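Participant: One predicted model, sequence on top.
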Amino acid sequence: MPRRDFDVSRYLSVLPMFRDLGAPELARLAAASVVRRLRRGDIVFRAGQPCAGLHVTVTGQIKVFALSVSGQEKVIALAGHGVSFAEASVFTDEPYGVGAEALADTLLLTIDKQAVLAEVARHPGFALRMLAGVSRCIDTLINDVQAYALHSGLQRVIGYLLHHVGGAQPAAVTIRLPASKATIASRLSVSPEYFSRKLHELESAGLIRIDRRAIRIHDSKRLQAYEAA
């Protein structure tokens, strides 16, 4: 989708983060934005690079990750369509502490950092929505640390599946994994082999059925009980 065919102002207007802004404000942000097409494997930014601005995944998927000294990768977040990422970096003078990479062909919108900060200074409502986004990221990281410290690998796998079922938790439901099993395993801080092994354990127990990325959960309550056992 070439930039000339993509109405950035209109796109921003339907995103919750920008809904308090009027047409003039959206036009300023649109004028300060860049739309890029990324191929799978393309790097958005690396740890140590200066923050370019606020990133929003229009289509496709981005993974945010950290690398250890030995080069081991830890997936921190996945950003699908309409999701922003690395918002906290907009508010500091520090370089990115993590990297970001396209997991699929992706259309990425980046709004210049100074333009975002200018609108934050002008509009308290927008500032609060940006702050809420940063707070959600912090909450996610805290929940991750708690899960690693207090839950077994199997509990993290089951918790991940149940999270994608949603609050209603119907008796039977099919979910689709949003990324490869290796990527999700990294997100859960388990090895790909462990993740696959535990999925097959749950399948052998009659709790789920695996069909590539589609996971059929036969009974959410039974799966939840298995997690607690």
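Facilitator: Alright, I've got the coordinates.
Participant: Which stretches in the protein count as strands?
Facilitator: Secondary structure of the chain (DSSP state E): strands located at 33-38, 43-45, 53-59, 62-67, 73-79, 83-85, 99-102, 106-112, 173-176, 208-211, 214-217.
Participant: So in that sheet, which strands flank the last one, and in what orientation?
Facilitator: The reference is to strand 214-217. strand 173-176 (antiparallel), strand 208-211 (antiparallel) (DSSP bridges).
Participant: One more: the third one?
Facilitator: Each strand that strand 53-59 pairs with, and the sense of that pairing, follows from DSSP bridges: strand 83-85 (antiparallel), strand 106-112 (antiparallel).
Participant: so which of these gets nearest residue 22?
Facilitator: strand 106-112 (16.2 Å; CB to CB). Quick note: C-beta positions are derived from backbone N, CA and C, even for glycine.
Participant: ok, back up a step: which stretch in the strands paired with strand 214-217 is the model least sure about?
Facilitator: For the strands paired with strand 214-217, mean pLDDT drops lowest on strand 173-176, to a mean of 91.
Participant: What are the contacting residues of it?
Facilitator: 161, 164-165, 213-217, 220 (CB atoms under 8 Å, 6 or more residues apart in numbering).
Participant: Which members of these are the farthest-apart pair?
Facilitator: Counting by CB to CB, the most remote pair of the contacts of strand 173-176 is 213 and 220, 18.8 Å apart.
Participant: ok so, going back, in CSV: the strands of the chain, plus mean neighbour count and distance to residue 196.
Facilitator: Formatted as CSV, the strands of the chain follow (neighbours: other CB atoms under 10 Å; distance: least, CB to CB, whole Å):
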stretch, mean neighbour count, distance to residue 196
strand 33-38, 17, 28
strand 43-45, 18, 27
strand 53-59, 22, 27
strand 62-67, 19, 19
strand 73-79, 19, 16
strand 83-85, 19, 27
strand 99-102, 21, 22
strand 106-112, 21, 26
strand 173-176, 14, 16
strand 208-211, 15, 9
strand 214-217, 17, 12
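Participant: now these as a markdown table including distance to residue 132?
Facilitator: Shown next, in a markdown table, are the strands of the chain (distance: least, CB to CB, whole Å):
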| stretch | distance to residue 132 |
| --- | --- |
| strand 33-38 | 21 |
| strand 43-45 | 23 |
| strand 53-59 | 14 |
| strand 62-67 | 18 |
| strand 73-79 | 16 |
| strand 83-85 | 11 |
| strand 99-102 | 21 |
| strand 106-112 | 17 |
| strand 173-176 | 26 |
| strand 208-211 | 34 |
| strand 214-217 | 31 |
